[in-house]
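Asker: 3D model of this:
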Amino acid sequence: MNRRDGPPARLLVALCGAGVLALNFPLLLIFDKPVTVLGLPLLPVALFVIWAVLVGLLALVSGRDGGE
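Answerer: Model prediction:
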């Protein structure tokens, strides 16, 4: 087979675009409220959760099953 290993480029570009949109300033204003989550301010918690989801999706997309 003449196939490159790894995820398709379109999927990686879509994840990058989703990350840019999710971490864009106007959308982050949604989380800028005087609310706490487990004693932590909402905005930093939201930033960490968005980042963790993006990293998890990238790991899921890039994962290899080890088989041939």
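Asker: which non-adjacent residue is nearest residue 21?
Answerer: residue 27 (6.9 Å; CB to CB, 6 or more residues apart in numbering). Every C-beta, even on glycine, is put in place using the N, C-alpha and C of the backbone.
Asker: distance of that neighbour from residue 18?
Answerer: Separation of residue 27 from residue 18 (CB to CB, to the nearest Å) stands at 11 Å.
Asker: same question for residue 51.
Answerer: When distance is defined by CB to CB, residue 51 is 12 Å away from residue 18.
Asker: how far out from the middle of the chain is stretch 6-16?
Answerer: Chain-centre distance of stretch 6-16: 12 Å, with CA atoms, centre = their mean, to the nearest Å.
Asker: ok, stretch 34-49 next?
Answerer: Centroid separation for stretch 34-49 versus its chain: 17 Å, with CA atoms, centre = their mean.
Asker: can I get it in PDB, CA atoms only?
Answerer: Presented in PDB, the C-alpha positions along stretch 34-49 are these (Å, rounded to 0.1, in the frame of the first residue of the first chain):
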ATOM      1  CA  PRO A  34     -18.300  35.400  39.100                       C
ATOM      2  CA  VAL A  35     -18.900  31.700  39.500                       C
ATOM      3  CA  THR A  36     -16.700  29.000  41.100                       C
ATOM      4  CA  VAL A  37     -16.300  25.400  40.300                       C
ATOM      5  CA  LEU A  38     -14.900  23.400  43.300                       C
ATOM      6  CA  GLY A  39     -13.600  26.700  44.600                       C
ATOM      7  CA  LEU A  40     -11.900  27.700  41.400                       C
ATOM      8  CA  PRO A  41     -12.900  30.500  39.100                       C
ATOM      9  CA  LEU A  42     -15.000  29.400  36.100                       C
ATOM     10  CA  LEU A  43     -12.800  31.000  33.300                       C
ATOM     11  CA  PRO A  44      -9.500  29.100  34.100                       C
ATOM     12  CA  VAL A  45     -11.500  25.900  34.600                       C
ATOM     13  CA  ALA A  46     -13.200  26.300  31.300                       C
ATOM     14  CA  LEU A  47      -9.800  27.100  29.600                       C
ATOM     15  CA  PHE A  48      -8.300  23.900  31.000                       C
ATOM     16  CA  VAL A  49     -11.300  21.800  30.100                       C
END
